[in-house]
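In: Build me a model from this:
(one chain, ligands or ions: 2)
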Amino acid sequence: MAFPTETVYGLGADATNPAALQKIFAVKQRPADHPLIVHVSALEELDNWAVDIQPDALLLAKVFWPGPLTLIFKKNPNVSNLLTGNQATIALRIPNHPTALALLRSFGKGIAAPSANRFGRISPTTAAAVAEELGAGVDLILEGGQCEVGVESTIIDVSGATPTLLRPGMITVAAVEAVLRKKISAPHAASPRVSGSHVSHYAPRTPTRLVKFEAISQAIAALSPADFPIVVLTREYLGRALLGVEFITMPVDAQHYAHDLYATLRACDQKNLRRILIEAVPELESWDAIRDRLQRATAGG
Ligand code: TXA
Ligand code: MG
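Out: Ligands and ions are numbered 1, 2, ... in the order given. Next up, the predicted model:
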């Protein structure tokens, strides 16, 4: 069953039921060693899944949950290896979406849920996008409107001595450090166990490239006739009409941009274009999650 969260839609299964968990991997075509996030509805459930919970971890959970933050803890020994990809840690979060919370409360147990897309593809931010991704692979989709945040949760590993960022999200490192009143570890070059950290992830089917604003005209001029039609995503209205070129104006602020990003890429993918050009986004921390997803979306194109 798929359900909405504030970040992206998840493909959910009873986190205590191995057969149900195996179905997630089958439907997503996801490698078995990629661990899942367990979604819970209350802090009191933490001890069912995690042990050795550090004060920093508890503080982050209290401040940011429910919300777009996933915390990695040392796992409780009774937790299934299917959830953790045979690692000693478990990912947990309380999502901030009324439908997700109602589902979790009425179910009464943890729900394991990866993003409801096939492996390597763009995460769905609407119920229609879930249907498009998983088709008959999903028996039920709870309609919860378009996801508010629009990109996947920030992941912080709190299982070791120093909290470490594993995946940037819209809760920034600065926000986490302000709460903890100390620095956390910067992202590793590639934490191989975070599936989103594979280079080409969150990718549209259409060849997609990042281009600096000043270089857009040049990039279009350098294409050959067979490369058209194309779409160009900028944060500034370019007001030009060019045959075979559609301009889409994206929001200028990071929150709205994140909210729109996956839905826009998905819509572009359906237009049978030859190329997607995306204006590079600001080198500011508020844009870290977006820059990260854009770099992965364009890694193959
Ligand atoms: O916003 C989100 O986090 C969404 C919604 C549905 O909650 N979920 C999501 O799940 O993005 P998924 O499976 O697509 O990405 C979860 C990431 C994966 O990259 C996985 O490798 C990582 O979390 N992860 C899970 N357990 C982990 C662990 N024990 N250690 C390190 N990384 C872990
Ligand atoms: Mg995913």
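
In: From now on I want contacts and neighbour counts done on CA atoms only, so please keep to that.
Out: OK.

In: May I see the buried residues of stretch 231-241?
Out: 231, 232, 233, 234, 235 (16 or more other CA atoms under 10 Å).

In: for stretch 283-299, same thing?
Out: 286-299.

In: Tabulate the residues you listed in a markdown table, adding columns for secondary structure and pLDDT.
Out: Shown next, in a markdown table, are these (DSSP: H, G, I helix; E, B strand; the rest coil; pLDDT from 0 to 100):
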| residue | secondary structure | pLDDT |
| --- | --- | --- |
| 286 | helix | 97 |
| 287 | helix | 98 |
| 288 | helix | 97 |
| 289 | helix | 97 |
| 290 | helix | 98 |
| 291 | helix | 97 |
| 292 | helix | 95 |
| 293 | helix | 96 |
| 294 | helix | 96 |
| 295 | helix | 94 |
| 296 | helix | 92 |
| 297 | helix | 92 |
| 298 | coil | 92 |
| 299 | coil | 87 |
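
In: How far off centre is the longest helix anywhere in the chain?
Out: Looking across the chain with DSSP state H, the single longest helix is helix 254-269. On the basis of CA atoms, centre = their mean, to the nearest Å, helix 254-269 sits 12 Å off its chain's mean C-alpha point.

In: Parallel or antiparallel, which strands does the next helix-or-strand element following it pair with?
Out: Sequence order places strand 275-279 as the next helix or strand after helix 254-269, per DSSP states H and E. Paired strands of strand 275-279, with direction, are strand 208-211 (parallel), strand 230-234 (parallel) (DSSP bridges).

In: could I get those strands as CSV with mean pLDDT and distance to residue 15?
Out: Listed next are those as CSV, based on pLDDT from 0 to 100; distance: least, CA to CA, whole Å:
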stretch, mean pLDDT, distance to residue 15
strand 208-211, 96, 36
strand 230-234, 97, 39
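
In: Distance to ligand 1 for those strands - can I get that in a markdown table?
Out: Below are the strands paired with strand 275-279 laid out as a markdown table (distance: least, CA to the nearest ligand atom, whole Å):
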| stretch | distance to ligand 1 |
| --- | --- |
| strand 208-211 | 21 |
| strand 230-234 | 24 |
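
In: now those strands as TSV including distance to residue 42?
Out: Formatted as TSV, those follow (distance: least, CA to CA, whole Å):
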stretch	distance to residue 42
strand 208-211	40
strand 230-234	40
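
In: Distance-wise, check the residue nearest to residue 254 when sequence neighbours are not counted relative to ligand 1.
Out: Counting by CA to CA, 6 or more residues apart in numbering, the nearest residue to residue 254 once its immediate chain neighbours are dropped is residue 287, at 5.7 Å. Going from residue 287 to ligand 1 by CA to the nearest ligand atom, to the nearest Å gives 16 Å.
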